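Engineer: Got a sequence here, can you model it:
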Amino acid sequence: MDTVQLKIKHRPFCFSVKGHVKMLRLALTAASMTFFIIAQAPEPYIVITGFEVTVIFFFIILYILRLDRLMKWLFWPLLDIINSLVTTVFMLIVAVLALIPETTTLTVVGGVFALVAAVCCLADGALIYRKLLFNPSGPYQKKPVHEKK
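Structural biologist: Numbering: from 1, shown residues only. This is a model prediction of the structure:
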């Protein structure tokens, strides 16, 4: 007897919680970078936030186009967790450095956005880590050897 297996439809990345958090992260980091550019803040603030905007944008494109499923030779969730943790550290440093000295109002606003972006980075990393704990093999689940086709 042949059994009919239904293919589970995957929720598009844009409508998932992970997608919302990652897009919020992108918006907050881009807003922080914009405020730093307008305020003519020190260049490291602009460079670090600009780099993070680029990396987050590429991760969003990767997940929207489902390239993580195409390139199985790289374990994307681990790279995403590492990126979230590194981004959290960098954004915390930028936020603290922007908020400590008495500078222009726009630099302070950019620092506040960077601080909120750091919290979103931490939440993003926690979401991915939780997904790995509940489903360690993730989308790369292999069938057991003894299972027949």
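
Engineer: Please give the number of neighbouring residues around residue 88.
Structural biologist: Look at residue 88: counted by other C-beta atoms under 10 Å, it has 19 neighbours. The C-beta positions use only the backbone N, C-alpha and C, and glycine is treated the same way.

Engineer: actually residue 19, not the one I typed
Structural biologist: 16.

Engineer: List the residues that contact it.
Structural biologist: Counting by C-beta atoms under 8 Å, 6 or more residues apart in numbering, residue 19 touches 12, 13, 60, 63.

Engineer: average model confidence for the helix or strand hosting it?
Structural biologist: Using DSSP states H and E, residue 19 sits in helix 17-38. Averaged over helix 17-38, pLDDT sits at 91.

Engineer: For the spatially most central residue of the chain, give its distance to residue 104.
Structural biologist: In the chain, the centroid-proximal residue (C-alpha atoms, centre = their mean) is residue 22; its distance is 4.6 Å. According to C-beta to C-beta, to the nearest Å, residue 22 stands 30 Å off from residue 104.

Engineer: And residue 112, by the same measure?
Structural biologist: 13 Å.

Engineer: do the same with residue 58
Structural biologist: On the measure of C-beta to C-beta, residue 58 and residue 104 end up 31 Å apart.

Engineer: And for residue 89?
Structural biologist: According to C-beta to C-beta, residue 89 stands 25 Å off from residue 104.

Engineer: Then residue 23?
Structural biologist: Relative to residue 104, and taking C-beta to C-beta, residue 23 is found at 28 Å.

Engineer: Which elements pack onto whichever strand or helix holds residue 91?
Structural biologist: Using DSSP H and E, residue 91 maps to helix 76-99. If contacts are counted by 3 or more C-beta pairs under 8 Å, 6 or more residues apart in numbering; DSSP states H and E, helix 76-99 sits against helix 17-38, helix 43-64, helix 105-134.

Engineer: is it possible to export those helices to a markdown table including distance to residue 96?
Structural biologist: Converted to a markdown table, those look like this (distance: least, C-beta to C-beta, whole Å):
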| stretch | distance to residue 96 |
| --- | --- |
| helix 17-38 | 13 |
| helix 43-64 | 11 |
| helix 105-134 | 8 |
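
Engineer: hang on, the earlier thing: and residue 112 and residue 104? Which one has more around it.
Structural biologist: For residue 112 and residue 104, the more surrounded residue by other C-beta under 10 Å is residue 112, and the numbers stand at 17 against 13.

Engineer: Alright, I will stop here.
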